[in-house]
Each structure stands twice: as structure tokens, then as C-alpha cells.
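Asker: Show me how the following folds:
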Amino acid sequence: MRVAFFSPLPPSPSGIADYSAALLEPLSKLANVDVYAARPRELDAARYDAIVYQLGNNPFHEFVYETALEHPGTVVMHEANLHHLIADRTIKCGDWDAYIAEVAFDGGDLDRARRVRALEVGPDYEGVPMLRRVLSRSKSAIAHSRYVESRLRANGFAGPVGVIPHGVWLPEIDRMSYREKLGVEMGAPLIGIFGHLKPYKRIAESLRAFRRLERVIPEARLLLVGDPHPELRLDPTPRIRHIGYAPIDDFTGYLAACDIVLNLRYPTVGETSGTLQRALGLGRAVIVSDVGAFAEYPDDVCLKAPVGAGEEDLIFEYLNLLASRPDVARAMGERARAWVERECPWTVAAERYVEFLSTGKLAERTTVSVEISRDSAPPEEAPRIEPETVTTWTNARPEEREYVETHLTRLARTLELTPPGTAEDRVLEMGAYMQITPALHFKLGYGEVRGCYYGELGRVDSKTVVAEDGTEFSCAIDHFDAEKDVFPYPDGRFATVLCCELIEHLPSDPMHTMAEINRILRDGGHLVLTTPNIASLRAIAAVFSGYHPALFPAYLKPEAVAQGESRHHREYTAKEIHLLLHYAGFDVLRLETGPFRDRPHPELAWVSQLIERYGFPKESRGEGIYAVGRKAGPVRDRYPNWLYA
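Answerer: Numbering: from 1, shown residues only. Okay, the predicted model is just below:
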């Protein structure tokens, strides 16, 4: 579809400019979008299937508002109030008659409006939202919350309204460098308040609550980032620091440095806070006011403070809980980040835009949960694989028994995570050494099992192994270069592909491998991927002890190369495997880390304590990474930035 998109864009000092810039990237992949960052001299509205107006309550959106009145389309209401925008278009231009006419059109108090004209009182910004004129000219509307939808209805809008959550930024920030920049000691709880420091952000209440916290936790620190308000007196102390306006990179860095973020506000007109979205995306523990759109956030991703009597007491109790129990703060932050990753990605927002603009309504969205499990927690749906399922096939090959016994936990876990098949399903095991290959047929039920190795394209071998009870298993083994060749299989051939302990061996183009796996999997097919974890406790201990962190960093001797062995070229973290699967077109159904074999590591307890002390995630520190992805569509990015220079 063809879409005209009206919005200010960066460097315009509007949060909606940042929102639009982030949304346009995925939206432009789904529709033909013409972007208007200023009012055009002429607009041929008939050229477009939809016209979208990003409306905000400030003068940077005046051209958007004026065009929306002239060419009706879909208004995106980032809040349920445009009074400041209307006042800028009328009062600041000296057109008092136009201002009073707008108050009348909106059903406001005309006597109050005349007193405003006489400079006896200020405009009733909260009481008169100034929405009705643009709503009366609009075909449909988009809101970010049910609260704003209800305010549009209360102002007489009867057209379609689509509720599309605000997208989320998931920045990667070196929080420790910003804590050092602020001079905050490692164990000191840092609390932050961000944005224009207006009284309605409950600054006074927060300052009083913090001063109470100081008496309980003297090492606690409060950081305020944003321009001060003339009605609000700030008295910085050694424990309370104020930084004025900060560029977005530093703004985000200071957010990341905090352990707790206060994002309070009352009154509210349903505005979505970009600061709040960034804080959740950073995995920070957040306290919000229990009002408006903020009340709609899940109760387990933020703490909510009702406004009114007892508000200051509750803010203090929340701060005391999170500051004295960093484990609680971290757990809340992890849930928050997982929630926004699932519910608020920009790609989903763009898809919902196109759906709504095409049909005027939104279907109920079913989401695929990205389950980041604790290292020792097996999934409830995974069948238990007994060791004999693997070891029985190594009886005739004593030279491999030692390797299998060493890696038995990894091999069994791989089978546990592999989705079972049927007699009609095909499965491909890449790098098949016949250790778990027979179990794909006899235990998991796949009708056709195929393997592949590195080798000359076109060569096909057949391998046979015999179990302890005499049962034979044979399968075909195809040879090709997984980084260069087109895999010798048609599109959608397999229900499942296993890529286990292979990705770390690829020296040049792993996304070619991932793209080909995507191609040969049927729609909804599964990829099971395992690889060493370079962010494991063992790897961290190696770095601090002066050694290379990779599980296998050594070069191979010539005789080993001659025998076909290959070294590890790049090992991955669990987060990188998540990204790898995502950009290759997969939804991540399962991502966990665990041991290669069952044995305790008491010698690594100090690493775990170090991670906890510095506030880094303790999850995903096992020796190996285990991931299950489901094919969701084509490759999203052939050369993702984080993987290719």
C-alpha cells in the first residue's frame, strides 16, 4: 500500500520525532511510504491508500495538524491533549478570537476563556483537551493505550481506533562506564529521574521519599537528568546530583547506570513516556504512577504508586525494597525487558500499522513467548532422554566412547529439546557423527533422517551403526560447504534441522548457513542449534586469569588438519545466538545454557559473586548454549551489523 507519513523527524526536539524515525525503518519494508517532515505546497491525497499523522502537543506538530484538517486521514494520538499546540497556533499569534472559537468547539468554559484573554487566569490546559476539531475531520485514529482510546471516545470520536503499543528501544550500553563517570561507587544504589523536571512528575514527593531513604541506606544516590522547571526548587547535595539537558546517547547511558528509575507523573493525559520505554528496554527496575496509560503495564514489570494520600510513603517503601534487595530489582528489570522484547518491538508495531490501515481494525495478537530459562530448569514439554539412548550406539566404536561420555549431558539435552516428528517428517542433522542420529528416528519418530558433512558438493555417503542389541541404523550423508554452497535440498524439505557444535567452526559467512537452513525448512519448521558459550563462568574466569576465553582457542597441528579436524573460529554468547536466529527469520522458542557434562564447578563461585556484585546478569552462564527456533518467515537481515564489519 502507499502511505503518506506526516511527522517531525530528528533532530527536531520532539520525542515523537524519535518514535517516527524508529517506526519508519520496519514500516518502509511493508509499505511504500512517502515521508513529510514539513507541510507540502500541494498534496495529492488520491495517490495514497492511507495518510498517517503523528500528532503531539507542541509547536513542532503544527504542520501535521494543519494538513490533517485539510486532508482527513489516520491521526496517531500520542496523548489525549492538544491544548498547548492549539494555544501556540492562536494565542501566540495574537488571534484570541480563534482561541475562544476553539474552546467553544471543544465544549470548554467560555467565561474562563475570556478571562484567559484578559490575562486574569492561565489557559485550562488539562480541562480542555482541544481534540474535537481534528477528530471530527479524521477517518480513524491510533492510540498507544486503552486509556487514550477511552479519551478519544469521550470526545465524540466514533471512527475506528487501533491500539498499537509504543515501540521500544533495546540499547546496548556500557553502564559501568557511566557509573564511573558519575563517581558512583559500585555497591551504591543509584536512583534516577529523567526528562524535563516539571512538578507534575512528582519531583517534590520523590525528593522527600529519597531523603527518608538516605537515613536507612546512606550510600544511596539520586540522579536528576533534564532541564529544571522554574516552579521547582532543586537543592543538590553530595547524594543528590542534577545534570541538565543530556544528548540522547548520554541520556540513555545515565538511564543504564541507574538501578532504579522513577517515572512518576500526575496529572496525565495518557502520554506514553519514551523514557519509560527505554528504561524497560534496559532492564531497569521502574516505579510509575498508577494512573492513565501507566496503570495498564503488567504488575510484574514495574511497581505502581497510587497518587494521593500515602503516595510519598509508598514511594519510600518501594525505593527501600529495591535498594536493599538488588536481587528483586534485577528480577523485575529482567521481566520488564523480556516483556517489551515480546510485546513492543518496532517490527510488530509496523505490522500492526499496516494491518489497521488496510482493514480499519486489528486482530487479536497471539505472541510467541521468548522463554529465557534458568540454566538448570528443564522445559516441562521436553521428554527425558536416558543416557543409554545415546551410548548404546557407540558400543561398536570404542574410539568414540570417551568423547560421547564426556559430552553425554550435551547430547542428551539436545535430543530433549528437539521437537518430535512423525513418519511423514524429515530431519537433517548437520555434522552428523551418528552419536544422536539414530535416536532421531527410533526415539523421536522422524520417518526420514539425513546427515551432512563438509566436503565436495555432490558427494553422498551412506553410514551404518549398530546398537548394543544388534539393531542397525543407516542414513545418507551429503557433502557440501555450508558457508558457500547452496544446500542440495529443495525449499521446505525438512521439518527440523539440527545445527549442533557447528556454527563456531565457520570462518567467514555464518549467515549463509543460516539462510540456507531457513530455505530448506518448511514454514513453521524448527531449528535446534547448540554451540559453546563464550560468556560462561569458565570463560570469564579464563579472562581474569590471563587466558583466552574461548572453549577451543588453540590452532591445529598439521596432522590434525590432514585428518579433517577444524578449529573454532568464533564462539558466541546466548544473546548473540538470539540475534542470529532472529535475523535469520526465526522466532526463538527456547534459549538456555547448561553444562557439557554433569559436574559441579565450585572453583567458579568467585566469578558468580563478582557478576552479582557488579550488577551483571547471572543467567546464561553455562558452558553450552541450547536454542530452538521456529521458522517465521524469510531472512530478516542477510548481513546484520553486529556480525559483519
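Asker: What sits closest to Asn81 if chain neighbours are left out?
Answerer: For Asn81, ignoring the flanking residues on the chain, the nearest one in space by C-beta to C-beta, 6 or more residues apart in numbering is Val269 at 3.8 Å. All C-beta spots, glycine's among them, are computed from the backbone N, C-alpha and C.
Asker: how much space is there between the one you found and His78?
Answerer: Between Val269 and His78 the computed distance is 10 Å (C-beta to C-beta, to the nearest Å).
Asker: in stretch 389-407, what counts as buried?
Answerer: Across stretch 389-407, burial judged by 16 or more other C-beta atoms under 10 Å covers Thr389, Val390, Thr391, Thr392, Trp393, Thr394, Val404, His407.
Asker: Widest-spaced pair of those residues?
Answerer: Thr392 and His407 (15.7 Å; C-beta to C-beta).
Asker: about what we covered before: list residues touching both of Val269 and His78?
Answerer: Residues touching both Val269 and His78 (C-beta atoms under 8 Å, 6 or more residues apart in numbering): Asn57.
Asker: Rank the buried residues of stretch 389-407 by pLDDT and give me only the lowest.
Answerer: In terms of pLDDT, Thr394 ranks lowest among the buried residues of stretch 389-407, with 72.
Asker: residues in contact with the closest residue to Tyr555 other than its chain neighbours?
Answerer: Of all residues not flanking Tyr555 in the chain, Arg567 sits nearest, at 6.4 Å (C-beta to C-beta, 6+ apart). Residues near Arg567 by C-beta under 8 Å, 6+ apart: His505, Phe552, Ala554, Tyr555, Leu556.
Asker: Ala257: which of these is nearest?
Answerer: Looking at the contacts of Arg567 and their distance to Ala257, the nearest is Phe552, at 35.7 Å (C-beta to C-beta).
Asker: A strand includes the residue nearest to Tyr555, no?
Answerer: No: counting by DSSP: H, G, I helix; E, B strand; the rest coil, Arg567 falls outside a strand, being coil.
Asker: Please determine how far it is located from Pro553.
Answerer: 8 Å.
Asker: Touching, Cys302 and Leu280? I think so.
Answerer: Yes: Cys302 is within contact range of Leu280, at 7.5 Å (criterion: C-beta atoms under 8 Å).
Asker: Pick out whichever of those two has more residues nearby.
Answerer: Leu280 (29 against 26; other C-beta atoms under 10 Å).
Asker: out of everything not next to it in sequence, what's closest to the more buried one?
Answerer: In space, Leu280 is closest to Ala336, 4.3 Å off (C-beta to C-beta, 6+ apart).
Asker: My reading is that the one you found is in a helix; is that accurate?
Answerer: Yes: assessed with three-state DSSP, Ala336 lies in a helix.
Asker: In contact with it, which residues are there?
Answerer: By C-beta under 8 Å, 6+ apart, the contact list for Ala336 reads Ala279, Leu280, Gly283, Arg284, Ala285, Val286, Val301, Cys302.
Asker: separation between the fifth one and Ala336?
Answerer: Right, Ala285. The gap separating Ala285 from Ala336 is 8 Å, by C-beta to C-beta.
Asker: what about the strands in the stretch 401-550 of the chain?
Answerer: For the stretch 401-550 of the chain, applying DSSP state E, counting those that start in this stretch gives strands covering 426-430, 448-454, 460-466, 472-480, 494-500, 521-532.
Asker: can you put the ones you listed in TSV and add mean pLDDT, distance to His61 and mean neighbour count?
Answerer: Formatted as TSV, the strands of the stretch 401-550 of the chain follow (pLDDT from 0 to 100; distance: least, C-beta to C-beta, whole Å; neighbours: other C-beta atoms under 10 Å):
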stretch	mean pLDDT	distance to His61	mean neighbour count
strand 426-430	98	53	24
strand 448-454	96	57	20
strand 460-466	93	64	13
strand 472-480	96	56	17
strand 494-500	98	49	24
strand 521-532	97	42	21
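Asker: out of the contacts of Ala336, what pair is the most spread apart?
Answerer: Pairwise distances across the contacts of Ala336 (C-beta to C-beta) peak at 11.9 Å, for the pair Gly283 and Cys302.
Asker: hmm, back to that, report the set of residues contacting both of Arg567 and Pro553.
Answerer: Counting by C-beta under 8 Å, 6+ apart, no residue touches both Arg567 and Pro553.
Asker: Could you export the helix or strand bottoming out on mean pLDDT in the chain as PDB, CA atoms only?
Answerer: Ranking every helix and strand in the chain by mean pLDDT, DSSP states H and E puts helix 398-406 at the bottom, with a mean of 75. Listed next in PDB are the C-alpha coordinates belonging to helix 398-406 (Å, rounded to 0.1, in the frame of the first residue of the first chain):
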ATOM      1  CA  PRO A 398      35.200 -47.800  21.300                       C
ATOM      2  CA  GLU A 399      37.400 -44.900  20.000                       C
ATOM      3  CA  GLU A 400      34.400 -42.600  20.200                       C
ATOM      4  CA  ARG A 401      33.000 -43.800  23.500                       C
ATOM      5  CA  GLU A 402      35.200 -41.500  25.600                       C
ATOM      6  CA  TYR A 403      34.100 -38.400  23.600                       C
ATOM      7  CA  VAL A 404      30.400 -39.400  23.900                       C
ATOM      8  CA  GLU A 405      30.700 -40.000  27.700                       C
ATOM      9  CA  THR A 406      32.400 -36.600  28.100                       C
END
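Asker: what about burial for the contacts of Arg567, which qualify?
Answerer: His505.
Asker: from the contacts of Arg567, which is closest to Asp491?
Answerer: Nearest to Asp491 out of the contacts of Arg567 is His505 (C-beta to C-beta; 25.6 Å).
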